[in-house]
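quick one, what's the 3D model for this:
(2 chains)
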Amino acid sequence: MSMLERLLPWRVLKARGIMGMNKRNGDYIAVYNNRSLYPLVDDKLKTKRLAEDAGVAVPKLYAVVEIERQIKSLSEKLETYSDFVVKPAHGSGGEGILVITKRTSKGFRKSNGQIISEQELGRHISNILSGMYSLGGLPDTALIEQRVKFDPVFADVSYQGVPDVRTIVFRGVPVIAMLRLPSRMSDGKANLHQGAVGVGIDLKTGRTSAGVWNEQVIVHHPDTAMPIADLQIPNWEEILKLTAHCYDLVGLGYIGVDIVLDKQHGPLMLEMNARPGLSIQIANRCGLLHRLEKIESMDSIPDSIEQRVAIAQSL
Amino acid sequence: MRNLHVRFIALALIVTAVGLVYFKVTKLGLPLFPSEEIEVWSVEARLAFEPKGGPIKVHFSLPGKPPGFIIADENFVSGKYGLAIEKEGENRFAEWAIRRAKGEQVLYYQLQLARDENEQIEEDKEKKKKKGKVEFPEIPEYSEGIATAVNALLEEVRQKSADIKTFTRELLSRINAEKPDENVKLLLSIAKNEQEKVQLIRQILAGARIPSRTIQVLLLREGVRHGELSPWLQVHNEQEWLTFNPDNSESDLPGNSVIWHVGDTAVFNVDGGKKPELEFSISRLTQEPVQLAEQRARKLGSRMMEFSLFSLPIQTQNVYKVLLMVPFGALLIVFLRNVIGLKTFGTFMPILIALAFRETDLIWGIALFTLIVGFGLALRFYLEYLQLLLVPRLAAVLIIVIILMTVVTIFSFKLGFETGLSIALFPMVIMAMTIERMSLVWEEHGPAEALKQGFGSLAVAALAFIVMNNEILKHMVFVFPEILLIILALTLLLGRYTGYRLTELWRFRETFKR
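Got it, this is the predicted structure:
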């Protein structure tokens, strides 16, 4: 790279294939994501039902609360479950998610150890219904689903919350992936802009590289101080297949798929996002554009999931 | 493909807009930039006469297309008279008629003339095109008393001149000489007034078969109360009419004069009336060039001006003066968000705040906005503690905003700050939403992020205010609303801008390191 190009930062970014927000919105989301399909991923209830019908592994749905009245009868429905997760169907950025790990005599224990009463749980659900966590404040639905007990392989590099694997799937081909590790700062959430740690993953092998936290490159988890690089993600092949399968589910050309690793059930698809963020590039310290262009230049993408995963691993 | 499509549309829009602006500037003379006020002469002709008792017909010549000027406006004060305006050759005239009238009758004709350089040039071009065919006059039969004097004078002048122009000048200089010779003295003794003097000169010129005519000229001077038309002489040199002042040998009209009437016919005559009196009063005014250009364009009969914003009532015009600036603010927001990458609360919130700043002024606007949002935030945090449902909480914030606005207005009024009153124009729903969003960001991402976005929004609003209050832009978009097509084109182009945002260069800085 010439001296002049070094002085022009956008030339450097372009050479590295870094995709900017405008490029993502204008050339990928606007082109490959049919707006009429958005509700399939924006509404977690719809996503879950689609996935269940298609045989994509997801956390089990325990109950759905659509109207205020249903809150009262909820405790009966949940009687058999000792742990569960409450989430808004239209939430974004992990807002409004309540993780109950245990029932105690005083009430429900949250993932951070706090105990909340049944009344408080009811109020949280009521807030979800009123639209407190949904985009535009529209009335929402609350989902109550199986709590993921994540694979102990990540226990050392997570601070509360559930680590997940975010993969961007373009035209059915996984193109980039990262491991998202909650931190104290992110309050158990897995969103990078809220302070979670993003760790790049080699698509071919499923091994992690260095991570990024608050836009800084790190090699140790900020809270647990354990190394985050060179971890092997278990069931990597299966995870890639799952993400590729998700494309068939919704038909959106450019999506982010979040997958958690449950120690009993293996990889489970948690949710999909029609506007996945760009920080994944920082985590991988690698731009998306070159890979996207490779896939764009293909006339047709094979229907077979295995073949698509093979393409992904050869990128 | 899409990019090409957008570029094509943008190009079409820009070409259309530029074409329209070009047409309006060059053909209709609308000023591109707001300029100083320009000179306008207001002329009033007072026509007075006494009726004889029968039906009355008043014939009054009006200036046609005075070179160097445009008729910005004209008015007839005709009382009960019927009025018709007609054209006859190079002259235009008004004809007033009434069946019966008693006592002294007075009619007025008011005219506003604005200086216009373009007009002068066009006039010159037209003149050159019309290579007039003028008939040469027959040599008149002079009465015995003057025939020798005329012939002697013509002979002398002919020897000292080369063409019609120099001939006329030589003749005039002899007639107006301080010590005229005997022949001239004799001839001048016949002419009793200016009109007759010009008549005499024309008769002499006819002796040399030079075509000539009388024109009635009004000299524009500030503060004239009882002005008159003065007769000037024009001779034709087979190409064009040359104008001469009959009182000296000066050629060409002075800049501040108007040819009111051409030919020998009377400027003002009354059928069925007597003692006609014609007086002019003249004053100098200044006027905004836009209004003038607009009036002028309308005079030219351009369809385009019928659909201009100037045809709207003033109140509506004022509304549009504000509305037409909003697209500039919108374009600014597009630029700041998609090219710079700034974050603001609500996409167009800063524009609405900027509109409110128009009433309060920038500094006061910022102070009042900060005050209300600050107080609103404090109270909003208390509401958070009450754990209200969303819509009631939003409504509560809105009510609090209105209470705060009322309190600020009352206090500032009591303290004597008039500006405090204009706070009522702040968009309260937008303020309530700003407070709500700011408090959410405060809770979720910390006070630093909330303040960053809050002051970012305020800075963008201030910038939008500065752009939307730019006098040049205001003038341009109001006179040339088609400029909005250019704004639309730029917005469309920015809509397909897929390059990096300025802030992304910082965001992805880690990837520079290898």
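
would stretch A:97-114 count as contacting chain B?
No: Stretch A:97-114 does not reach chain B (C-beta under 8 Å from any C-beta of the partner chain); its nearest approach is 13.1 Å. Quick note: C-beta positions are derived from backbone N, CA and C, even for glycine.

give the buried residues for that stretch.
Judged by neighbour count (16 or more other C-beta atoms under 10 Å in any protein chain shown), stretch A:97-114 contains these buried residues: A:Ile97, A:Leu98, A:Val99, A:Ile100, A:Thr101, A:Arg103, A:Gly107, A:Phe108, A:Arg109, A:Lys110, A:Ser111.

got phi/psi on the last one?
Right, the one you point to is A:Ser111. Here is the backbone geometry of A:Ser111 (degrees, to the nearest 10): phi -60, psi -30.

if I read this right, it contacts A:Pro182, doesn't it?
No: counting by C-beta atoms under 8 Å, A:Pro182 is not a contact partner of A:Ser111; they are 9.8 Å apart.

common neighbours of those two, please.
Overlap of the contact sets of A:Ser111 and A:Pro182 (by C-beta atoms under 8 Å, 6 or more residues apart in numbering or on different chains) consists of A:Gln160, A:Gly161, A:Gly188.

of those, just the buried ones, PyMOL syntax please.
Command for PyMOL that selects the buried part of the shared contacts of A:Ser111 and A:Pro182, burial taken from 16+ other C-beta under 10 Å:
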select buried, chain A and resi 160+161+188
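
quick check: buried residues in the helix or strand where A:Arg123 lies?
Assigned by DSSP states H and E, A:Arg123 belongs to helix A:118-130. Within helix A:118-130, the residues scored as buried using 16+ other C-beta under 10 Å are A:Glu120, A:Leu121, A:Gly122, A:His124, A:Ile125, A:Ser126, A:Asn127, A:Ile128, A:Leu129, A:Ser130.

after that helix, which helix or strand is next?
strand A:142-145.

how about the CA coordinates for that next one, as CSV?
What follows is strand A:142-145, C-alpha atoms only, in CSV (Å, rounded to 0.1, in the frame of the first residue of the first chain):
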residue,chain,number,x,y,z
ALA,A,142,-44.1,-12.1,25.9
LEU,A,143,-42.5,-15.5,25.3
ILE,A,144,-41.6,-17.8,28.1
GLU,A,145,-39.1,-20.4,26.9
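
show me what contacts A:Gly161?
A:Val99, A:Ser111, A:Pro182, A:Ser186, A:Asp187, A:Gly188, A:Lys189, A:Ala190, A:Ala196.

right, I mislabeled it, should have said A:Glu95
Contacts of A:Glu95 (C-beta under 8 Å, 6+ apart): A:Pro88, A:Tyr133, B:Glu444.

the last one - how many residues pack around it?
Read that as B:Glu444. Counted with other C-beta atoms under 10 Å in any protein chain shown, residues neighbouring B:Glu444 total 13.

any idea of the pLDDT on it?
As predicted, B:Glu444 sits at a pLDDT of 73.

and the closest residue to A:Arg16 other than its chain neighbours, helix, strand or coil?
Nearest non-adjacent residue to A:Arg16, counting by C-beta to C-beta, 6 or more residues apart in numbering or on different chains: A:Gly287, 4.7 Å away. Following DSSP: H, G, I helix; E, B strand; the rest coil, we place A:Gly287 in the coil state.

which helices and strands sit right next to the longest helix seen in chain A?
Counting by DSSP state H, the longest helix found in chain A is helix A:236-250. Judged by 3 or more C-beta pairs under 8 Å, 6 or more residues apart in numbering or on different chains; DSSP states H and E, the packing partners of helix A:236-250 are helix A:38-42, helix A:44-54, strand A:164-170, strand A:173-181, strand A:254-262, strand A:266-273, helix A:305-314.

perfect, that will be all.
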